[in-house]
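Chemist: have a look at this prediction, sequence included:
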Amino acid sequence: MRIVLVGPPGAGKGTQAHVLAKTLSIPHISTGDLFRANISQGTPLGLEAKGYMDAGRLVPDEVTIGMAKDRLAQEDAAHGFLLDGFPRNLVQAKALDEILAESGIALNGVLDLEVPEDEVVKRIAGRRLCRNDGSHVFHVHYNAPSVEGVCDECGGELYQRADDTESTVRNRLEVYHTETEPIIEYYAQQGLVTTIPALGKVDEVTQRAVDALEQRKQA
Ligand code: ADP
């Protein structure tokens, strides 16, 4: 399946994508994770992206689209993928359509994770990521690791993202409303969107997501 996951920062896209990708045996492609990997490796792409990310703004489209296109061209994405954090505006959504059309393929569905804004802020403030793998996501209260500061999945060190501060989160939410929400309407017009409530336990949300995708598959 070829799926796009959308939802505000803190909706749990990374957490859900990690599990869903495993369940569906497709790669989880997160542009945020790709940027963070470039930053920790000190690549020119990482250097360029960092300023935008720390300010809670979008990295310029040419850079982002080029990176996403390269990743989608890798062999593991040939039979499906779960995109997380891309596309994030209409220009990127149209670019994705073109990239897929070049291979004669299209998206199967768009999963929209819905979560109230006050919840988003609480989630982000306590979020901790693993240095080894950005899809290993924890929360100091809601999903605490067994040992503080240590990833349950791989033993890696947990850290707080530089853009998870309150003022940056406000910018990211603003960017989400103005830039990203319009793509939900764009995809809805193509009949691709399923919206699911992203409140509740992680595995309850996963089950809703799996059920929604199952219905898409049969459609
Ligand atoms: P979240 O969804 O929690 O905000 P991500 O890890 O997906 O976090 O993204 C973090 C940051 O990376 C964004 O605020 C933005 O600066 C940058 N970024 C990620 N994906 C894109 C994209 N598709 N276009 C532009 N910038 C992006």
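Modeler: Noted; the coordinates are in hand. These numbers come from a predicted model, not from an experiment.
Chemist: what helix or strand does L82 sit in?
Modeler: strand 81-84 (DSSP states H and E).
Chemist: contact partners of that strand?
Modeler: By C-beta atoms under 8 Å, 6 or more residues apart in numbering, the residues outside strand 81-84 that reach it are 1-5, 13-14, 17, 20-21, 24, 26-33, 68, 72, 96. Heads up, the C-betas are built off the backbone N, CA and C, glycines and all.
Chemist: what is the mean pLDDT for the strand or helix carrying E204?
Modeler: Assessed by DSSP H and E, E204 sits inside helix 202-218. Taken as a whole, helix 202-218 carries a mean pLDDT of 91.
Chemist: same question for it: list its buried residues.
Modeler: Neighbour-count burial for helix 202-218, counted by 16 or more other C-beta atoms under 10 Å, picks out V202, V205, T206, R208, A209, A212, L213, R216.
Chemist: ok, stretch 173-183 next?
Modeler: For stretch 173-183, by 16+ other C-beta under 10 Å, it's L173, V175, Y176, E179, T180, I183.
Chemist: also stretch 19-31?
Modeler: Buried, per 16+ other C-beta under 10 Å, within stretch 19-31: V19, L20, A21, L24, I26, P27, H28, I29, S30, T31.
Chemist: then stretch 71-83?
Modeler: R71, L72, A77, G80, F81, L82, L83.
Chemist: how about the third one, nearest residue that isn't a chain neighbour?
Modeler: What sits nearest to A77 in space, not counting adjacent residues and going by C-beta to C-beta, 6 or more residues apart in numbering, is P27, at 5.6 Å.
Chemist: check the first one too.
Modeler: Taking C-beta to C-beta, 6+ apart, and ignoring the residues beside it in sequence, R71 has I29 as its nearest neighbour in space, at 5.5 Å.
Chemist: can you pull the contacts of the residue nearest to G12 when sequence neighbours are not counted?
Modeler: Distances taken as C-beta to C-beta, 6+ apart place A198 nearest to G12, at 5.3 Å, with adjacent residues excluded. A198 is in contact with G7, A11, G12, Q16, L113, E114, V115, V205, counting by C-beta under 8 Å, 6+ apart.
Chemist: those helices in this structure, which residues are they?
Modeler: 13-24, 31-41, 44-54, 61-72, 90-102, 117-125, 166-175, 181-188, 202-218 (DSSP state H).
Chemist: list the contacts for the residue in the chain that the ligand sits nearest to?
Modeler: Nearest residue of the chain to the ligand: G32, at 1.9 Å (C-beta to the nearest ligand atom). Counting by C-beta under 8 Å, 6+ apart, G32 touches G14, M53, D84, G85, G134.
Chemist: try 7 Å this time
Modeler: G85 (C-beta atoms under 7 Å, 6 or more residues apart in numbering).
Chemist: tell me the pLDDT at it?
Modeler: 95.
Chemist: beta partners of the residue nearest to the spatial centre of the chain?
Modeler: Closest residue to the average C-alpha location of the chain: D84 at 2.9 Å, with C-alpha atoms, centre = their mean. Beta bridges link D84 to L5, S30, judged by DSSP bridges.
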